[in-house]
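Asker: fold the following, please.
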Amino acid sequence: MIRHWLATRPNSYLGGPYGFNQHKILLKPMSDNEADQILVEMKEQMPPLQHLSDDQLMVTRDPNVTQSEKYYITLNGSIHIELSEVNTDTSGDNFYAYGQ
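Answerer: Numbering: from 1, shown residues only. Presented below is the predicted three-dimensional model:
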């Protein structure tokens, strides 16, 4: 469900804002406020996630990657979904914020 949300452009489903606006979030340095905003949007658009605590659903980073940092949605401390890896768009407008 989280991978689908990350791969969906915002407002691409009729009648709702469902989707992750990666252009707005990933092209600037991540701050605590932006990470919290991602989680707020996720919980608003996917009601089952509202039952998870801050320890169960969070944005984490891996600073050990050369020349960049990778950010992940971490679920229950063991499932890591990279924010920039889930891009199924084949229209030619693809970008990878971390130069992958």
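Asker: give the next helix or strand downstream of the helix or strand of the chain at the bottom of the mean pLDDT ranking.
Answerer: Within the chain, judged by mean pLDDT, DSSP states H and E, the helix or strand with the poorest mean is helix 22-26; its value is a mean of 73. Past helix 22-26, further along toward the C-terminus, the next helix or strand under DSSP states H and E is helix 32-45.
Asker: show me what that next one is packed against.
Answerer: Judged by 3 or more C-beta pairs under 8 Å, 6 or more residues apart in numbering; DSSP states H and E, helix 32-45 is in contact with helix 2-7, helix 22-26, strand 57-62, strand 70-75. Every C-beta, even on glycine, is put in place using the N, C-alpha and C of the backbone.
Asker: how far out from the middle of the chain is the first one?
Answerer: Helix 2-7 has its C-alpha centroid displaced from the chain centroid by 7 Å (C-alpha atoms, centre = their mean, to the nearest Å).
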